[in-house]
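> Could you work out the structure for the sequence below:
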Amino acid sequence: RLVEEAARRHDRSIMVACAVMMGFVDINTLPSDQPLHQVQNASLPPAFVRAYEQISLDVGVGGHGLRKWAHHADAAYVGQWALTVQSATEVSGECHYPVLNQVVEAAAAAAPYTDSMVIVSDLRGAWDRCVVTSQRAIGFGLKSHNSKVAALGDWLERTDADVGRIIEMPAKAQREISASVVALEVYDFKCMLNASEDWDSVRRKVNYQACSGPQAGRWTQVVPWDRHGHLNMTNTAYLVAFCRRYRLERPRRLRGRRLEGAEGFAMGFDGDYDECDDPKRQWAKSLVHHTIVDALTRFLKDCGMVEVKKEYKYWDPARVGKDGSRRVPDVTCVNPNTGTEYVLDARIYWNSMSNGPTGYTAYRHEGWGAEHGEAEKNSSWGEAIARRQEESVHNVQFVPFSLEAGGVWGPAAKKFFKQCASQADNQDRDVDLYHWSSAKFESTWRDTISVLVARGRAQVGVHSAKSDWSRRILDFAYMDYDDQAAHHE
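Residues are numbered from 1 along each chain as shown. Take a look at the predicted model:
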């Protein structure tokens, strides 16, 4: 009741501020005396307004984490009440502030509340709306997208949907209720994608699937503190990665050439051809692949693996130039505890928006591209692994470390990364080795790989624009994607 309008204005202001910060709106074109929350959609690019439905989703479900707090206001209110009542009540059941129990008992009584305090109707109204929200999500068969919320209906079962039992709410009550809000937001967004009749609707749906999942968007949340720059993203790289994630056209100075149709009209969406089908971008893609291999080499060493070698040319006993099945792995290492030799070959799937047979028409679900890459690698490496196993006294295990340009990991990559991280000596924060604000070991490395993929994706697109340097030299005076501190040790 008190913060409803404030939350709405806050959400609107955040949307407009995002558009301004990312360069989609020139703030100088807006009235100087106009608050951000009064800026209407007509003043914003239609493509950005459409994309903001995805941007406002949580990072783990394909968004940018700019939550619409008006949607979570009831969950926050009920959560604060639950926390207050729980913290004020002793194990014996005695409450230090009896007025809390009076309000809860009054809210649990049957309506109307005309003779009660206003706070009673506030609590009951927020509670009832939260119950309806969770029941609606459960009715649609939705699942929780929060790994710490096992099921959307747990809090309803604990309290039997009775506000009088609010003290029995889970410890993180707001999180439990907000999980239903997020699930419905994702459901509504997917319904909107499925119902869209826009010319680009199929690719937009695939693009969303290709950047969903908890790993794909970690680059949006990192704090660039490390002195080597592995977590740093320049303004240009961030902007291009942002545009590709939410299917927005890049600024003109960062656009490559477009294919022209029979009548001279531009074909396809900005950036799709650069990233997926342009044969001139293979070298730029190779550079991105090399950065991932370098990162994996550092990661394996930090995890305590031994005999870590990068691009071991003579690993395969097959004769050079005579056997087409001969392979050179990206990284090899040995587990000092088991003696298992791991053979890694990294792959990045760039074709989610391609017109080819393994492009958007073949993409079926989140992670399909990474799984497709794994299957190809397993098929092409079978003979080489068998030859190596014949000469080795230890177990030889092949790991197709398959990623997607959108940041999604393949199953084998997830499993191997988790296995390696679990045996690292230092699992917790290390302020001496890293930084006072550093995350845990595993989180830091997940962030690092996510940043490298996002930065590489931006670099491929920018290289296409750079090939048109002569007539854009003034714009490229401000180019920062090649910042040495952000790309090299």
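> for the chain, which spans come out with low pLDDT?
For the chain, applying pLDDT under 70 flags the ranges 1-2, 112-116, 224-229, 257-267, 319-323, 426-439, 466-489.
> one more time with 50, if that's ok
Along the chain, segments meeting pLDDT under 50 span 261-266, 471, 474, 481-489.
> Pull up the gap between the residue positioned nearest the centre of it and A179, please.
The centroid of the chain falls nearest to G217 when counting by C-alpha atoms, centre = their mean (1.9 Å). Separation of G217 from A179 (C-beta to C-beta, to the nearest Å): 18 Å. Any C-beta I mention is one placed from the backbone N, CA and C, and that applies to glycine too.
> On the three-state scheme, the closest residue in space to A413 that isn't next to it in sequence is what?
Counting by C-beta to C-beta, 6 or more residues apart in numbering, A413 lies nearest to F401, which is 4.7 Å off, once chain neighbours are set aside. Following DSSP: H, G, I helix; E, B strand; the rest coil, the label given to F401 is strand.
> and V308, which of the three is it?
V308 ends up strand, using three-state DSSP.
> Strands of this protein, residue ranges please.
Under the criterion DSSP state E, the chain contains strands at 306-310, 331-334, 341-349, 396-404.
> quick one: which of the ones you listed is nearest A458?
When these are compared by C-beta to C-beta, strand 341-349 sits nearest A458, at 13.5 Å.
> list the helices and strands that closest one packs on?
Judged by 3 or more C-beta pairs under 8 Å, 6 or more residues apart in numbering; DSSP states H and E, strand 341-349 is in contact with helix 282-302, strand 331-334, helix 368-391, strand 396-404.
> List the strands paired with it, with their directions.
Looking at strand 341-349 with DSSP bridges, its partner strands are strand 331-334 (antiparallel), strand 396-404 (parallel).
> Dump those into a markdown table; add mean neighbour count and distance to G373 as well.
As requested, the strands paired with strand 341-349 are exported to a markdown table (neighbours: other C-beta atoms under 10 Å; distance: least, C-beta to C-beta, whole Å):
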| stretch | mean neighbour count | distance to G373 |
| --- | --- | --- |
| strand 331-334 | 22 | 16 |
| strand 396-404 | 24 | 4 |
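> closest to S134 out of those?
strand 396-404 (32.8 Å).
> Can you tell me what sits against that closest one?
210, 216, 292, 296, 330, 340-349, 352, 367, 369-371, 373-374, 377-378, 381, 385, 388-389, 409-410, 412-413, 416, 449, 453 (C-beta atoms under 8 Å, 6 or more residues apart in numbering).
> thinking again about what came up before, would you mind finding the most buried of the helices and strands packed on strand 341-349?
strand 396-404 (a mean of 24; mean count of other C-beta atoms under 10 Å).
> So V306 sits against P336, correct?
Yes - with contacts counted by C-beta atoms under 8 Å, V306 reaches P336, the gap being 4.9 Å.
> thinking again about what came up before, which one of the strands of the chain lies closest to T236?
Among the strands of the chain, strand 341-349 comes nearest to T236, with 20.2 Å by C-beta to C-beta.
> The closest one to helix 282-302, inter-axis angle?
Put simply, strand 341-349 runs at 150 degrees to helix 282-302, going by axes from the mean of the first three to the mean of the last three C-alpha atoms, to 10 degrees.
> G79: what's it in contact with?
169, 172-175, 177.
> can you do 10 Å?
Residues near G79 by C-beta atoms under 10 Å, 6 or more residues apart in numbering: 72, 126, 130, 169-170, 172-178.
> Could you check how many residues crowd around Y238?
Around Y238 there are 19 other residues, counting by other C-beta atoms under 10 Å.
> That one against R455, yeah?
Yes - Y238 lies in contact with R455 (C-beta atoms under 10 Å); the separation is 8.7 Å.
> For the stretch 1-150 of the chain, just list every one of the helices.
Here the stretch 1-150 of the chain has its helices, by DSSP state H, counting those that start in this stretch, at 4-21, 46-55, 73-88, 98-108, 118-139.
> picking up where we left off before, looking at the helices and strands packed on strand 341-349, which is closest to A421?
helix 282-302 (8.3 Å).
> So what does the residue nearest to F48 when sequence neighbours are not counted look like in phi/psi?
Among residues not flanking F48 along the chain, F24 sits closest, at 4.8 Å (C-beta to C-beta, 6+ apart). The phi and psi values for F24, taken as degrees, to the nearest 10, are phi -90, psi -10.
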